[in-house]
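Enquirer: Requesting a structural model of the entry that follows:
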Amino acid sequence: MTEESRDARLDRELHELIEELRALIPGAEVLFGFLLAIRFTGQFKELGEVLEGVYYGCLVATATALVLLLAPSTFHRIRFREGDKEALLRKGNREAIAGSFALALALTGALFIITELLFAREVAIVVAAAFFAFAAWRWWAVALMRKATDGGGPRAA
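Expert: Just a heads-up that it's a prediction; the model follows:
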């Protein structure tokens, strides 16, 4: 097996980051669109203060997720052909993780709103907490646990 050059590694890692962002961005965009549309329905006025607050939190979290998930593309456009791929990858990695956190908060809040409207606040709290724990487990905890057990470095084949 031949060693990958630094430039080849950076190109591969940039491609991987872009593919991962392509998986997250459409979901955040759809959620943001639905959240905007919900505000203009007749039932929105019946939500009450708590659900309006959760709704607004979801809207802000979704907008934040989109900014974070789209930021690497903007950085790349501004710094295009200036040899700054390593900085882009480091920055983009942090933004993708932070964006996934904001998206998890938004999804949790949306699930809380719908669950409370269908059942009761107590059920909504349990469902939302369980969902966020599930997202945290699948999105971050598994990878962090693996990193802790293997020292964070690449594994030998």
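Enquirer: Which parts of this protein are helices?
Expert: 6-38, 48-79, 85-118, 121-136, 142-150 (DSSP state H).
Enquirer: Skip the chain neighbours and tell me the closest residue to the residue positioned nearest the centre of the chain.
Expert: The chain has residue 100 as the residue nearest its centroid, 1.8 Å off, counting by CA atoms, centre = their mean. Spatially, and ignoring its direct neighbours in sequence, residue 100 is nearest to residue 139 (5.6 Å; CB to CB, 6 or more residues apart in numbering). Using the backbone N, CA and C atoms, a C-beta is placed for each residue, glycine as well.
Enquirer: now swap in residue 59 and tell me
Expert: residue 35 (4.9 Å).
Enquirer: what's the burial count for that neighbour?
Expert: Residues near residue 35, counting by other CB atoms under 10 Å, number 21.
Enquirer: Then residue 141?
Expert: 12.
Enquirer: Offset the numbering so it begins at 44, please.
Expert: Okay, residue one is now 44; in that scheme the one you just asked about reads as residue 184.
Enquirer: so residue 108 makes contact with residue 152?
Expert: No. Contact criterion CB atoms under 8 Å: residue 108 and residue 152 do not qualify, at 11.8 Å.
Enquirer: Tell me the spacing between the residue nearest to residue 171 when sequence neighbours are not counted and residue 90.
Expert: Closest residue to residue 171 apart from its sequence neighbours, by CB to CB, 6+ apart: residue 155 at 4.0 Å. Separation of residue 155 from residue 90 (CB to CB, to the nearest Å): 12 Å.
Enquirer: Among those two, which residue is more densely surrounded?
Expert: Neighbour count, other CB under 10 Å: between residue 155 and residue 90, residue 155 has more, with 25 against 16.
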